[in-house]
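In: Structure for this input, please:
(4 chains)
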Protein chains: 2
Amino acid sequence: MTVSGKVEVVGRSETVDAVDVEGMCPYRLVLEHVTSRWGVLVLMELLVRPYRFSELRRAIGRVSEKMLTQTLQTLERDGLVHRDAKPVIPPRVDYSLTDLGREAAAQVKALADWTAERMPDVDRARRTYDKARAERTRAQ
Amino acid sequence: MTVSGKVEVVGRSETVDAVDVEGMCPYRLVLEHVTSRWGVLVLMELLVRPYRFSELRRAIGRVSEKMLTQTLQTLERDGLVHRDAKPVIPPRVDYSLTDLGREAAAQVKALADWTAERMPDVDRARRTYDKARAERTRAQ
DNA sequence: CTGGATCCGAGATGATACTG
DNA sequence: CAGTATCATCTCGGATCCAG
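Out: The predicted structure is shown next:
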């Protein structure tokens, strides 16, 4: 990385110069892009089919234009998302997954599916945990 | 969830009452706990073997006590991590994965491994992207 | 040693207005 | 429509001090 200064990137922040290297394996950054709040949703939506910007925004729901733009740019830079801007008026931009992106999305989806599947177990664990904690509080 | 008030939880914040339900599938929260900055590292370390608190802290490196505690509590509540506090002085607490946690950790590791493996491709994509952007800037 | 409680800054996210 | 820019907000995460 030769650029200096700051860049707004999805995930956690990054100062482009050196801070990232001295405390984090480089792949951790990609992992954070991919598992970021909106990164997960974008990848999974695009796994279904390509989307236009606003279309994607509606599909995800409750995401600001700014964050969606940022997320898409980050994923595009990492080579996971392909951006196809057609020079027409009004503007039309289609987003899709690259081959690399499809692999990433598949991994993410596997994790998401597992989570959804195991949700009942998690809920049960939570109730147990909360009940135990409540009793300890009552008994001081 | 019957508890009210706020709770510090790993991932993004959560107001325990209703805010989480009205805008997010519940499993998204678990997903965020698991893919959180420290959640990923904790799960992967514990996949190797059980650890004591300070031991885990050293193994991960560069994590504050606060965040490690928070992460472990969140994962424990979700039923992914088992906490074994021995009533001795000085205190000794061992952390390990539950069966559910081992499954989660395996998924996370799969994603992390994929990321590490594909890092060269990502780097190449980034260089291409940055070069293209630089030229567009130069040409205005 | 294992945390709990608190303060605080950096930065992530959102709302709004503006451009091509 | 697809963004960019700016401003306002919120909270994550680190540092510090304290307790059992």
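In: so where do the strands sit in chain A?
Out: Assigned by DSSP state E, the strands in chain A fall at A:6-7, A:14-15, A:51-52, A:81-86, A:92-97.
In: Pick out the shakiest of these, pLDDT-wise.
Out: Across those, strand A:14-15 has the smallest mean pLDDT, namely a mean of 42.
In: Out of the strands of chain A, which gets nearest to DNA strand C?
Out: strand A:14-15 (5.5 Å; Cβ to the nearest atom of the strand). Placement of C-beta: from N, CA and C, glycine included.
In: Spell out which residues of chain A are next to DNA strand D.
Out: Residues of chain A lying close to DNA strand D by Cβ under 7 Å from any atom of the strand are A:12, A:52-55, A:65-66, A:69, A:72-73, A:83, A:85, A:90-93.
In: before we move on, back to that, out of the strands of chain A, flag the one nearest A:Arg136.
Out: A:Arg136 lies closest, by Cβ to Cβ, to one member of the strands of chain A: strand A:14-15, at 40.8 Å.
In: Please tell me how far the residue most central in space within chain A sits from B:Ala105.
Out: By Cα atoms, centre = their mean, chain A has its centre lying nearest to A:Gly39, at 1.7 Å. From A:Gly39 across to B:Ala105, the span is 20 Å (Cβ to Cβ, to the nearest Å).
In: and if you look at A:Pro90?
Out: Going from A:Pro90 to B:Ala105 by Cβ to Cβ gives 47 Å.
In: need the strands of chain A in a markdown table with mean neighbour count, can you?
Out: Below are these laid out as a markdown table (neighbours: other Cβ atoms under 10 Å in any protein chain shown):
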| stretch | mean neighbour count |
| --- | --- |
| strand A:6-7 | 12 |
| strand A:14-15 | 15 |
| strand A:51-52 | 17 |
| strand A:81-86 | 14 |
| strand A:92-97 | 17 |
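In: What about A:Thr98, how many residues nearby?
Out: Neighbours of A:Thr98 under the rule other Cβ atoms under 10 Å in any protein chain shown: 18.
In: Surely it is in contact with A:Val81?
Out: Yes. Here A:Thr98 reaches A:Val81: they are 6.7 Å apart, a contact under Cβ atoms under 8 Å.
In: hey, which helix or strand in chain A has the poorest pLDDT?
Out: The weakest-scoring helix or strand in chain A, judged by mean pLDDT, DSSP states H and E, is strand A:14-15 (a mean of 42).
In: quick one, phi psi at A:Val88?
Out: Phi and psi for A:Val88, reported as degrees, to the nearest 10, are phi -130, psi 170.
In: tell me what the lengthiest helix in chain A is packed against?
Out: As assigned by DSSP state H, the longest helix anywhere in chain A is helix A:99-138. Judged by 3 or more Cβ pairs under 8 Å, 6 or more residues apart in numbering or on different chains; DSSP states H and E, helix A:99-138 is in contact with helix A:26-35, helix A:37-48, helix B:26-35, helix B:65-77, helix B:99-117, helix B:119-138.
In: any idea how far A:Val40 is from A:Gly61?
Out: Relative to A:Val40, A:Gly61 is positioned 14 Å away (Cβ to Cβ).
In: more crowded one of A:Pro90 and B:Ala105?
Out: Just comparing A:Pro90 and B:Ala105: by other Cβ under 10 Å the higher neighbour count belongs to B:Ala105, 25 against 4.
In: where does chain A have low pLDDT?
Out: Low-confidence segments of chain A (pLDDT under 70): A:1-8, A:11-24, A:137-140.
In: Show me how far stretch A:85-96 is from its chain's centre.
Out: Relative to its parent chain, stretch A:85-96 has a centroid offset of 23 Å by Cα atoms, centre = their mean, to the nearest Å.
In: whoops, stretch A:50-60 was the one
Out: With Cα atoms, centre = their mean, you get 15 Å for stretch A:50-60.
In: again, but for stretch A:107-119
Out: Averaging C-alpha positions (Cα atoms, centre = their mean) puts stretch A:107-119 14 Å from its chain's average.
In: cool, and stretch A:70-88?
Out: Chain-centre distance of stretch A:70-88: 14 Å, with Cα atoms, centre = their mean.
In: Likewise for stretch A:60-67?
Out: Chain-centre distance of stretch A:60-67: 12 Å, with Cα atoms, centre = their mean.
In: same deal with stretch A:124-134?
Out: Distance, centroid of stretch A:124-134 to centroid of chain: 30 Å (Cα atoms, centre = their mean).
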